[in-house]
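> Give me a model of this one.
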Amino acid sequence: MKHNDDLVLNVIKANAKPLTAYEILSKVQKVKKIQPMSVYRSLKNLQTQGKIHKSNQSKSFLLCNENDHEHVHNPVLVICNDCGKTEELEVNSFSKLLANLKTKAQFQFQNFQMEVSSTCKGCN
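Okay, here's the model as predicted:
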């Protein structure tokens, strides 16, 4: 893994909440002078490696729950509408559900990312 990728991954690991690219850039710049494109490149690399996920809803990045990064899995993220807290859910039940789903266009659900909006217990 490249040095910039390590820096970006360590910033994500050190934060309990998902971070936007600009928040990550700000934290990495405290350690090293780095251009925004380098952070975006590292984020893309880390996503490709399966080490992080991007929430399209909140435009933030979070650490993957899976320890085995040798495979690509289908992340299911749940995001609190109020505070933005984000968790990755166990994907097996969703994979089984989608595998049995019949669509008119006969979609194949081998690769997917799902995001569920809800409200966490702390915001209820």
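
> Could I get the average pLDDT for stretch 43-53?
Stretch 43-53 shows an average pLDDT of 92 in the prediction.

> for the helix ranked longest in the chain, the distance to its chain's centre please.
For the chain, the helix that runs over the most residues, judged by DSSP state H, is helix 36-48. Counting by Cα atoms, centre = their mean, to the nearest Å, helix 36-48 is centred 13 Å from the centre of its parent chain.

> Show me the shaky parts of this structure.
1, 67-72, 91 (pLDDT under 70).

> Break down it into its helices, ranges please.
Under the criterion DSSP H, helices of the chain are mapped to 3-13, 21-28, 36-48, 92-99.

> will you turn those into TSV that also has mean neighbour count and distance to Val76?
C-beta: built from backbone N, CA, C; applies to glycine. Listed next are these as TSV, based on neighbours: other Cβ atoms under 10 Å; distance: least, Cβ to Cβ, whole Å:
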stretch	mean neighbour count	distance to Val76
helix 3-13	18	19
helix 21-28	17	22
helix 36-48	16	16
helix 92-99	13	5
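
> In a markdown table: these, plus distance to His73.
Shown next, in a markdown table, are the helices of the chain (distance: least, Cβ to Cβ, whole Å):
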| stretch | distance to His73 |
| --- | --- |
| helix 3-13 | 18 |
| helix 21-28 | 23 |
| helix 36-48 | 13 |
| helix 92-99 | 8 |
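
> mind checking which of those helices is nearest Cys80?
helix 21-28 (17.5 Å; Cβ to Cβ).
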